[in-house]
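A.B. asks: Have a look at this fold, sequence not included:
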């Protein structure tokens with residue numbers, strides 16, 4: 001039986017005969033807290049940009065911003081400001097479009113919209129608990145998953161499965177596995193090769 005809140009694109013990922021035992025999304029509280037922090041940082045950046053670069057408050061002549069190289073810096077600054085201002089919206093959309101699904105056979109993370117949807121799925125028998133960490137009043141569960149990938153430096157890294165921003169009371173509905181604390185997981189994690 002499927003929970004009524006399972007959207008169609010989540011139901012489409014199920015195998016025949018597989019049933020959902022738990023479904024959830026990252027906590028809205030976490031999305032709001034991250035968005036608030038990013039928004040404050042963006043506003044501070046814009047204030048300092050306008051004050052120092054554009055000369056607000058000093059009676060400066062603004063023609064510098066529209067001459068030669070100044071126009072290029074202004075254009076890049078405006079693009080950078082747009083990217084920073086849109087970051088909270090992108091974080092909120094990412095959280096809104098992410099679903100964590102526990103079935104009787106697998107763990108599944110579905111993220112992204114219709115055009116750029118990413119599905120990460122692992123058989124429950126192939127993952128082992130790596131760590132649990134509390135952050136801003138929510139819990140993050142991380143499992144070691146099969147396989148490796150190369151990071152940007154070329155180091156080999158173990159695949160992980162992460163349920164981020166889970167309400168602490170929901171953890172027991174997801175799994176009965178015991179997760180080491182972050183400090184314990186750091187001690188047991190091997191360095192990259």
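C.D. replies: That came through, no problem. Just so you know, these numbers come straight off a predicted model, no measurement behind them.
A.B. asks: those strands in the protein, which residues are they?
C.D. replies: 20-24, 99-103, 106-111, 118-123, 128-135, 138-150, 156-166 (DSSP state E).
A.B. asks: Out of those, which is closest to residue 173?
C.D. replies: strand 20-24 (5.0 Å; Cβ to Cβ). C-betas here are computed from N, CA, C, even on glycine.
A.B. asks: how many degrees apart are the closest one and strand 156-166 in direction?
C.D. replies: Between strand 20-24 and strand 156-166, the angle comes out at 80 degrees (axes from the mean of the first three to the mean of the last three Cα atoms, to 10 degrees).
A.B. asks: Distance check, the spatially closest residue to residue 95 that is not a sequence neighbour against residue 164.
C.D. replies: Closest residue to residue 95 apart from its sequence neighbours, by Cβ to Cβ, 6 or more residues apart in numbering: residue 31 at 4.0 Å. According to Cβ to Cβ, to the nearest Å, residue 31 and residue 164 sit 10 Å apart.
A.B. asks: quick check: domain ranges of this structure?
C.D. replies: 9-26+100-188, 29-95 (automatic domain parsing).
A.B. asks: any weak-confidence spans in this protein?
C.D. replies: Under the criterion pLDDT under 70, the flagged ranges of the chain are 1-4, 49-74, 183-193.
A.B. asks: any idea what sits nearest residue 173, other than its immediate chain neighbours?
C.D. replies: Nearest to residue 173 is residue 22, by Cβ to Cβ, 6+ apart, at 5.0 Å.
A.B. asks: Quick check: bridge partners of the one you found?
C.D. replies: residue 102 (DSSP bridges).
A.B. asks: Just to check, it is in contact with residue 171?
C.D. replies: No: between residue 22 and residue 171 there is no contact under Cβ atoms under 8 Å: 10.2 Å.
A.B. asks: Switch the domains of the chain over to CSV; also include mean neighbour count.
C.D. replies: Output for the domains of the chain, formatted as CSV (neighbours: other Cβ atoms under 10 Å):
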stretch, mean neighbour count
domain 9-26+100-188, 15
domain 29-95, 13
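A.B. asks: quick one: residue 112 from residue 118, how far?
C.D. replies: Counting by Cβ to Cβ, the gap from residue 112 to residue 118 is 5 Å.
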